[in-house]
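A.B. asks: Let me see the structure of the following:
(one chain, ligands or ions: 1)
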Amino acid sequence: MKIAMVGSGYVGLVSGACFADFGHDVVCIDKHPAKIEKLQAGIMPIYEPGLEALVEGNVKAGRLSFTTDLGEGIKGAKAIFIAVGTPSRRGDGHADLSFVHAVAREVGQCLANDAVVVTKSTVPVGTGDEVERIIAASGTAHRFAVVSNPEFLREGAAIGDFKRPDRIVIGAEDEFGREVMREVYRPLFLNESPILFVNRRSSELIKYAANAFLATKITFINEMADLCERVGADVQDVARGIGMDKRIGGKFLHAGPGYGGSCFPKDTLALLKTAEDFESPVRIVEAVVKANDSRKRAMGRKVVEALGGADAARGKKIAMLGLTFKPNTDDMRDSPAIAIAQTLADAGVAVAAYDPEGMEQARPLMPGVTMCDSPYAAIEGADAVVIVTEWDAFRALDLDRVKALARVPMLVDLRNIYKPDQVCAAGFEYVSVGRG
Ligand code: UGA
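C.D. replies: A predicted model of the protein is given here:
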């Protein structure tokens with residue numbers, strides 16, 4: 001089957017490459033010529049483990065190609081995916097749908113055969129109806145259906161998530177849409193990945209509800225971590241103890257500096273806007289957004305405390321290990337590291353940082369921070385080493401070397417990747433999250 005993927009950003013590129021790997025004939029379309037030229041030359045615009053090899057293999061096999069020409073790209077495609085960005089609209093937090101609508105208009109104008117148009121971008125409830133209206137208004141003579149098929153890919157694990165999903169959600173209003181989507185996902189169907197067919201609005205809401213629920217789980221355990229510190233409990237044990245209850249589940253219960261990234265912050269805000277528009281408040285999500293926002297700066301203050309409080313901290317220097325919002329990505333969007341570094345700068349603390357992939361993106365966002373070539377270069381002369389992102393490279397630091405290089409042997413582990421007794425036995429003062 002020929003598939004067109006409009007938008008070759010993170011979601012479009014990963015999905016397109018994976019569909020090609022299933023044996024479909026995929027054309028990825030993007031209006032930015034520089035991006036398409038790079039992709040044609042085999043250069044990935046994003047860092048995602050395994051993606052480059054996947055793209056290269058499928059391009060070589062003749063199943064994956066790239067173009068800026070939408071009309072040419074969608075010709076003959078039975079499924080046309082819209083995977084363009086839906087950023088937070090400046091000012092009100094609503095998802096900005098201008099790119100989605102523009103693609104729908106162009107698809108309507110260029111449609112040369114019957115096709116199913118699939119929204120893969122995260123779009124608020126009712127967007128499918130609007131896309132359908134726009135395409136119908138183009139006056140196309142071809143049969144089309146508009147389907148919602150949200151993605152549940154995690155950055156850094158996207159290819160695995162795509163190929164072995166917990167579920168595939170399809171929101172379709174007619175049999176034509178369902179039939180084509182069944183064919184698109186047949187390879188996964190054979191793998192026994194469950195496919196859930198629902199109506200379009202349910203599918204659109206599932207995406208937001210899933211992300212908001214996961215953000216809630218994280219925020220819940222983060223607040224439990226604060227409580228653990230007060231009462232002398234250990235949040236790792238509390239998470240394990242509640243997570244073993246299958247109704248709760250152990251995943252997404254890692255306490256840390258707060259969630260970031262391109263999805264949870266944006267999608268929770270957009271869900272609040274939808275709830276407001278429909279006069280159906282989601283107060284839990286409101287509280288989650290507020291708690292997560294304040295947590296990031298609170299983590300900066302935690303570091304200041306570890307340095308001895310506001311007066312003692314002024315003029316000191318810390319090493320920040322990890323800048324991206326999570327490991328295995330170069331994505332800095334809404335990373336807690338930004339707010340933490342800002343809080344430290346406000347407190348007169350100098351920051352030297354190292355991140356395996358994120359420093360290029362971090363530089364313009366963290367102008368006062370000195371970027372270093374290695375964790376050890378950042379640690380030299382530091383009054384505290386602060387782990388912000390749990391990259392594998394930081395899980396087994398040479399603690400003797402750290403101690404020799406740092407001015408003070410103090411480790412602030414905001415991801416709880418070390419065992420307190422081990423670090424203390426190595427002669428460090430150790431501060432972590434939710435371990436009283
Ligand atoms: C998230 C969802 O997990 C995906 O299912 C979804 O498809 C995606 O958003 C999206 O909407 O596109 P992602 O943003 O890549 O994926 O990252 P996650 O792995 O979910 O992590 C998000 C944030 O939560 C990170 O800052 C991470 O450090 C934090 N987190 C996660 C915790 O603090 N604790 C946890 O237990 C889990």
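A.B. asks: which residues touch Ala158?
C.D. replies: Taking Cβ atoms under 8 Å, 6 or more residues apart in numbering, we find Ala158 in contact with 10, 14, 48, 51. Bear in mind the C-beta positions are built from the backbone N, C-alpha and C, glycine included.
A.B. asks: which parts of the stretch 251-400 of the chain sit against the ligand?
C.D. replies: 252-254, 256, 259-261, 263-264, 267, 325-326 (Cβ under 6 Å from any ligand atom).
A.B. asks: With the stretch 1-150 of the chain instead?
C.D. replies: Thr122.
A.B. asks: repeat that with 8 Å
C.D. replies: Within the stretch 1-150 of the chain, the positions adjacent to the ligand are 10-11, 122, 150 by Cβ under 8 Å from any ligand atom.
A.B. asks: okay, those in TSV with distance to Ile340, pLDDT and neighbour count next?
C.D. replies: Listed next are these as TSV, based on distance: Cβ to Cβ, whole Å; pLDDT from 0 to 100; neighbours: other Cβ atoms under 10 Å:
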residue	distance to Ile340	pLDDT	neighbour count
Tyr10	25	91	22
Val11	28	94	23
Thr122	27	90	22
Pro150	31	97	23
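A.B. asks: Could you dump those residues into CSV with secondary structure and distance to Gly42 added?
C.D. replies: Formatted as CSV, those follow (DSSP: H, G, I helix; E, B strand; the rest coil; distance: Cβ to Cβ, whole Å):
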residue, secondary structure, distance to Gly42
Tyr10, helix, 18
Val11, helix, 20
Thr122, coil, 28
Pro150, coil, 29
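A.B. asks: Met244 - nearest residue in space that isn't next to it in sequence?
C.D. replies: Computed as Cβ to Cβ, 6 or more residues apart in numbering, the closest residue to Met244 that is not its neighbour in sequence is Gly250, at 6.7 Å.
A.B. asks: related to what we said a few turns ago, the ligand: which of the residues of the stretch 1-150 of the chain next to the ligand is nearest?
C.D. replies: Among these, Thr122 lies closest to the ligand (Cβ to the nearest ligand atom), at 5.8 Å.
A.B. asks: just checking, that closest one touches Thr86?
C.D. replies: Yes - taking contacts as Cβ atoms under 8 Å, Thr122 lies within contact range of Thr86: 5.6 Å.
A.B. asks: any shared contact partners between those two?
C.D. replies: 95, 266, 270.
A.B. asks: Most neighbours of all the residues you listed, which one?
C.D. replies: Counting neighbours by other Cβ atoms under 10 Å, Ala270 leads the shared contacts of Thr122 and Thr86 with 25 neighbours.
A.B. asks: Tell me if I'm right that it and Leu97 touch.
C.D. replies: No - under the criterion of Cβ under 8 Å, Ala270 lies out of contact with Leu97, with a separation of 10.2 Å.
A.B. asks: Mind listing what's buried along the lowest-mean-pLDDT helix or strand in the chain?
C.D. replies: The weakest-scoring helix or strand in the chain, judged by mean pLDDT, DSSP states H and E, is helix 186-190 (a mean of 85). Using 16 or more other Cβ atoms under 10 Å as the test for burial, helix 186-190 gives 187-188.
A.B. asks: Repeat that for stretch 274-289.
C.D. replies: Those would be 274-275, 282, 285, 288-289, for stretch 274-289 by 16+ other Cβ under 10 Å.
A.B. asks: now do stretch 75-91
C.D. replies: 75, 77-86, 88.
A.B. asks: ok, back up a step: quick check: the residue nearest to Met244 is in a strand.
C.D. replies: No - assignment of Gly250 by DSSP: H, G, I helix; E, B strand; the rest coil gives coil, placing it outside any strand.
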